[in-house]
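**Student:** model the structure of this input:
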Amino acid sequence: MSLSLHTPPPAAAPAEPGAATALLESYRPATDRFLATPHRTLLGRGTAAAVPHDSRPAAVRVREVLGAARRAGTPAPVVVGALPFAPHAPAALAVPHSVRWAPPLREDPLIALPVPADAERPRWRVREVPAPERYGEAVAAAVARMRAGEFDKVVLARTLELTSAREPDLPAMLRRLARRDPAGHTFAVPTGPGRTLIGASPELLVARRGGRLTANPLAGSAPRSADLAEDVRRAAALLESAKDLHEHAVVVAAVREALAPYCTVLEVPERPTLVRTAAMWHLSTTVTGELADAGTTALDLAGALHPTPAVCGTPTEAARAVIAASEPFDRGAYTGMVGWQDADGDGEWVVTIRCAEAEGHTLRLFAGAGVVAASTPEAETAETAAKFRTFLDAVGAAL
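**Tutor:** Modelled structure (predicted):
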């Protein structure tokens, strides 16, 4: 089979040279919300209005806050922030005082300026939660239950807790993440007093532009190699892996089922392609559709999709129960979604992976692996270690 790579189009001449890079360089922790995607880059400054937490769906609350902001005279209000993995946990969503935009990256490539080579980095103490052997035991237990027919898939995660004598330099960390994967989805948003969610996700949950939607589920992964021949071999093997193709097909089927009721037309390719990050190869399917109702917002669609089997499992409630029993930590924003939406309903929501939460002198990193009946503890533990590399490289730490 030929090797098909899903890569961004060649960059055209910039419409506003350096606009995206200028926003990246302007980011300030605690008060700013930064999000860069292949389609646009934004920097929100301050908080004009926070989206309240109550029992209503997030999409309803966001629509209400944006409508109030527009009636109050804000010409183009935008909500920016993050929603957690747990369905009833508080989100961190707000309308910034001001928002600056840059054109699509194909027109204005994001060029993360190098962090000085002699810049001092913290010395980190690293603790793995759970330890690799405990994580492997959780994978083995899940595989045994799947082979007994209890459920089909579960995504099990682990964390690295990094502590240092001084607080991390979040702007430098964000620049390193953007420099490592400049065509990805790089973000930094406050999620609570003194707490920042920062990361570089490869996965678009859903975007809405006018009457058209795009979703890009990723499932099935292999670590990259520094050796070119070996890297190509791994990519080709991933495209032929029965285990990974099955895992991917489960996710795509769930995306199709969730989005079909909202669409007059939904286009789903028959086979996945490959998308690459600096650390990983992923099986990727780009789903597109035409909306049946112009009032359906980006967050309506994201809420219908979340959580996909790519971050939770299937059936969803069974997978949630296994996650709660197996993971000795609260996921928080990890495997939730981060993004933006405007008052017209357009927006982009990205799956919150390849990320960390920074609070004081502590960084908490997350990585997970999709476990199916054909999984092995060794392979899934190695996959999470490879996924940690994105952030470990950005902070100057290593396992």
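
**Student:** helices along the stretch 101-250 of the chain, start to end?
**Tutor:** Secondary structure of the stretch 101-250 of the chain, counting by DSSP state H, counting those that start in this stretch: helices at 132-147, 170-180, 228-240, 242-259.

**Student:** could you list the low-pLDDT ranges of the stretch 251-399 of the chain?
**Tutor:** Scanning the stretch 251-399 of the chain with the threshold set as pLDDT under 70 gives 398-399.

**Student:** which residue ranges form the strands in it?
**Tutor:** Listed in chain order, the strands of the stretch 251-399 of the chain (DSSP state E, counting those that start in this stretch) span 263-267, 273-276, 280-284, 287-291, 313-314, 337-342, 347-351, 355-359, 362-371.

**Student:** in TSV: those strands, plus distance to residue 247 and mean neighbour count.
**Tutor:** Backbone N, C-alpha and C define where each C-beta goes, glycine included. Below are the strands of the stretch 251-399 of the chain laid out as TSV (distance: least, CB to CB, whole Å; neighbours: other CB atoms under 10 Å):
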stretch	distance to residue 247	mean neighbour count
strand 263-267	21	14
strand 273-276	14	19
strand 280-284	8	24
strand 287-291	17	19
strand 313-314	10	24
strand 337-342	20	26
strand 347-351	15	26
strand 355-359	21	23
strand 362-371	5	24
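
**Student:** residue 150: which of the ones you listed is closest?
**Tutor:** Taking CB to CB, strand 313-314 is the member of the strands of the stretch 251-399 of the chain nearest to residue 150, at 11.2 Å.

**Student:** helices or strands up against the closest one?
**Tutor:** Applying 3 or more CB pairs under 8 Å, 6 or more residues apart in numbering; DSSP states H and E, we find strand 313-314 packed against strand 153-163, helix 316-326.

**Student:** tell me the angle the last one makes with strand 153-163.
**Tutor:** Inter-element angle recorded for helix 316-326 and strand 153-163: 40 degrees (by axes from the mean of the first three to the mean of the last three CA atoms, to 10 degrees).

**Student:** which residues sit against helix 316-326?
**Tutor:** If you take CB atoms under 8 Å, 6 or more residues apart in numbering as the criterion, helix 316-326 is touched by 138, 141-142, 145, 150-151, 153-157, 307, 309, 312-313, 331.

**Student:** quick check: ChimeraX command selecting the buried ones in those.
**Tutor:** In ChimeraX syntax, the buried subset of those is picked out as below (16 or more other CB atoms under 10 Å):
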select :138,141,142,151,153,154,155,156,157,307,309,312,313,331
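
**Student:** nearest to residue 260, of the contacts of helix 316-326?
**Tutor:** Distances from residue 260 to the contacts of helix 316-326, taken as CB to CB, are shortest for residue 309 (16.0 Å).

**Student:** roughly how far does the closest one sit from residue 66?
**Tutor:** Going from residue 309 to residue 66 by CB to CB, to the nearest Å gives 30 Å.

**Student:** how about residue 324?
**Tutor:** Counting by CB to CB, the gap from residue 324 to residue 66 is 33 Å.

**Student:** the two: which is more packed in?
**Tutor:** Neighbour totals were compared for residue 324 and residue 66, and residue 66 leads with 24 against 11 (other CB atoms under 10 Å).
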